[in-house]
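Asks: The amino acid sequence is not available; the structure is as follows:
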Ligand code: GAL
C-alpha cells in the first residue's frame, strides 16, 4: 500500500492509497429473493414482526439476475463488493449440500471478478437455516462445529474466487436484537441467554476462522462489528458518563476484546480461549450515535435513555443522527486492536437523497483523517448499492445509492451514486464537493 498523502501547499484533494477497496455491501437475504429455507422467511410471516407486514419476497432478484447489478457496480467504478452467501441454500438440511446453489455462487463470484470487482464474502449475515434455528440457533451447543463445516464447504467450493472472508456480521446486533429487544428472531430471551448466545457466537467464529485458514492459508478472515457511538447527554453528569461508558464497553468493545484475548467481560467473566487472536482484520459497520442520559426507568438499556443530539440531522424514519466524526472516533479505537480495518458498512436511509451526498463526503473525510492519524484502513463499502429489505423495517427504509422498487424491480440511480462513482474512479474526494461542504458546513434539513 502507498502511504496516504495530501499536499500541504496546494489544494489537492484527499487521496486514498492505490489498492484501496471501494464498493458497496449487501447481504443474501436482503437482495437475493426467495430465501424460503431460513428463519427470517418464517419470521416475516408472523403478524407484527415487520413494519407494515412487509416481506423480503423477491428482494432485488439477485439469485436470478445479480449480474445486472454487477454491471451497475462496474459502471460506477467500484472495485470491490461485500456480499454474503446463504447457509440455508448451501446446506438445505444437516449434511445435505446443494451443489446447484454452490454453482450459482461460483457464477456470481466469477461474474464479480470478471468485472474487476474483488469480493468480500460473509458467511453469516443474520439468517440461520431453518434446521439450525430449530436446534437453537446461537444457543445450539453444536453450532460451532456445524458453522465450521459450512465454512469448510465454502472454502473448498469458493476459495479460489475469494480471499477476504467475514465470518459473522454484527454478532452484537444479532444478540441484542435477538435476545434483548426481540426485534430479530428468536424474539427475546433475556440477559442470560444473550450472554450465552454471544459466547457461542465467539466459539462459532473461532471455529470458522481456523477452518478457513486450514483450507486456505492465504485467506484473510475477519468479522464485521456494529460500532455505535454512545455519548453522555450531559457531559458534566457522572451518572450519564457512567451509563454511556458502560454501554459503549459492553455493546462495542467487549466482543472485540474477547477476540483479542479470549475472555468475554460482560457480567461474570467467561473464558473462550479458542477465540483469542482470531481476527486478521476488523470490519467496522458504522452508522450513527446516541446520547445517553441516566434514567432508572430504562433498566433494559442499562439505565440509559437514548436520543439523538437535539437539532442534529436525522435520517429517514428516525433511524439515527448523522454524525460523521463518529467514524473517526470508532476507527481510532478499532485501530488499537492492531489489525487492518475495512469499513464494511456505512450509510443511511434517505429516500430523497437530500442528506446522502453530504454524508458521503463528510464520512470519507473522517476516514481519510483516520488514515492520516495512522489507522490502517484498506477499504470502504457503502451500505448499500440498491434499496433492499431492511429487516424489521421492511421496505420502509431506503439505503440504496440506486433506488429500487421491489414490485417492478425498476432501478433509478440517486444522484449520490454519481458522486460516489467519481470518488471511486479517482480514489480521492472531488475538490468541488469538498469546497461545497466548506461553504455549507451544515447539512440542510430534510424538507
Ligand atoms: C446493519 C446490517 C445490514 C443493514 C444495515 C442498515 O446493521 O448489517 O444488514 O440492514 O444495518 O440498517
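Replies: That came in fine, so what should we check first? All values reported here derive from a predicted model rather than from experimental measurement.
Asks: Next, the buried residues of stretch 235-250.
Replies: For stretch 235-250, a neighbour-count test (16 or more other Cβ atoms under 10 Å) marks 239-244, 247-248, 250 as buried. For every residue, glycine as well, the C-beta is placed using N, CA and C.
Asks: Closest to residue 136 out of those?
Replies: The closest of the buried residues of stretch 235-250 to residue 136 turns out to be residue 250 (Cβ to Cβ; 23.3 Å).
Asks: May I have the secondary structure class of the closest one?
Replies: Of the three states, residue 250 takes helix under DSSP: H, G, I helix; E, B strand; the rest coil.
Asks: show me what contacts it?
Replies: By Cβ atoms under 8 Å, 6 or more residues apart in numbering, the contact list for residue 250 reads 266, 302.
Asks: From residue 143, how far out is it?
Replies: 22 Å (Cβ to Cβ, to the nearest Å).
Asks: cool, and residue 267?
Replies: Taking Cβ to Cβ, one finds residue 267 at 21 Å from residue 143.
Asks: Return the set of buried residues in the biggest helix by length in the chain.
Replies: Ranked by number of residues, the top helix in the chain under DSSP state H is helix 191-215. By 16+ other Cβ under 10 Å, the buried positions in helix 191-215 come out as 193-209, 211-213.
Asks: Kindly report the same for stretch 330-347.
Replies: In stretch 330-347, counting by 16+ other Cβ under 10 Å, buried: 330-331, 333-335, 337, 339-347.
Asks: can you check stretch 309-318 too?
Replies: For stretch 309-318, by 16+ other Cβ under 10 Å, it's 313-316.
Asks: do the same with stretch 158-176
Replies: Buried positions in stretch 158-176, judged by neighbour count with 16+ other Cβ under 10 Å: 158-159, 161-176.
Asks: What parts of the stretch 101-250 of the chain come near the ligand?
Replies: Contacts of the stretch 101-250 of the chain with the ligand, taken as Cβ under 6 Å from any ligand atom, map to 169-170, 173, 226.
Asks: cool, the stretch 301-447 of the chain as well?
Replies: Residues of the stretch 301-447 of the chain lying close to the ligand (Cβ under 6 Å from any ligand atom) are 345, 383, 390-391, 399.
Asks: Tell me what residue 224 is bridged to.
Replies: Judged by DSSP bridges, the bridge partners of residue 224 are residue 169, residue 283.
Asks: Give the burial count for the closest residue to residue 27 other than its chain neighbours, as a bare number.
Replies: Distance criterion Cβ to Cβ, 6 or more residues apart in numbering; nearest residue to residue 27, sequence neighbours excluded, is residue 125 at 3.7 Å. Other residues lying near residue 125 total 23 when counted by other Cβ atoms under 10 Å.
Asks: Residue 125 contacts residue 171, doesn't it?
Replies: No - applying Cβ atoms under 8 Å, one finds residue 125 not in contact with residue 171, separated by 11.0 Å.
Asks: For the stretch 151-300 of the chain, give me the ranges with low pLDDT.
Replies: Along the stretch 151-300 of the chain, the model assigns pLDDT under 70 to no residue.
Asks: per-residue confidence for the closest residue to residue 45 other than its chain neighbours?
Replies: Using Cβ to Cβ, 6+ apart and skipping the chain neighbours, the partner closest in space to residue 45 is residue 55 (7.3 Å). Per-residue confidence at residue 55 stands at 98 (pLDDT).
Asks: How about the contacts made by residue 55?
Replies: Neighbours of residue 55 in contact, by Cβ under 8 Å, 6+ apart: 44-45, 389, 394.
Asks: Give me the phi and psi for the residue nearest to residue 27.
Replies: Dihedral angles of residue 125 (phi, psi; degrees, to the nearest 10) stand at phi -120, psi 80.
Asks: how far away is residue 306 from the ligand?
Replies: 16 Å (Cβ to the nearest ligand atom, to the nearest Å).
Asks: Please shift the residue numbers so they start at 50 in all later answers.
Replies: I'll keep to 50 as the first residue from here, and by that count the last item is residue 355.
Asks: Assign that residue to helix, strand or coil.
Replies: State at residue 355, reduced to three classes by three-state DSSP: strand.
Asks: Thought residue 339 was touching it, still the case?
Replies: Yes - using Cβ under 8 Å, residue 355 is in contact with residue 339, at 4.1 Å.
Asks: hey, what's in contact with both of those two?
Replies: Taking Cβ under 8 Å, 6+ apart as the contact rule, residue 355 and residue 339 both touch residue 279.
Asks: out of those two, which sits in the more crowded spot?
Replies: Using other Cβ under 10 Å, the more surrounded residue of residue 355 and residue 339 is residue 339, with 22 against 19.
Asks: before we move on, what SS does the more buried one have?
Replies: Applying three-state DSSP: residue 339 is strand.
Asks: again, but for residue 326
Replies: Taking three-state DSSP, the label given to residue 326 is coil.
Asks: ok, it touching residue 262?
Replies: No - counting by Cβ under 8 Å, residue 262 is not a contact partner of residue 326; they are 11.5 Å apart.
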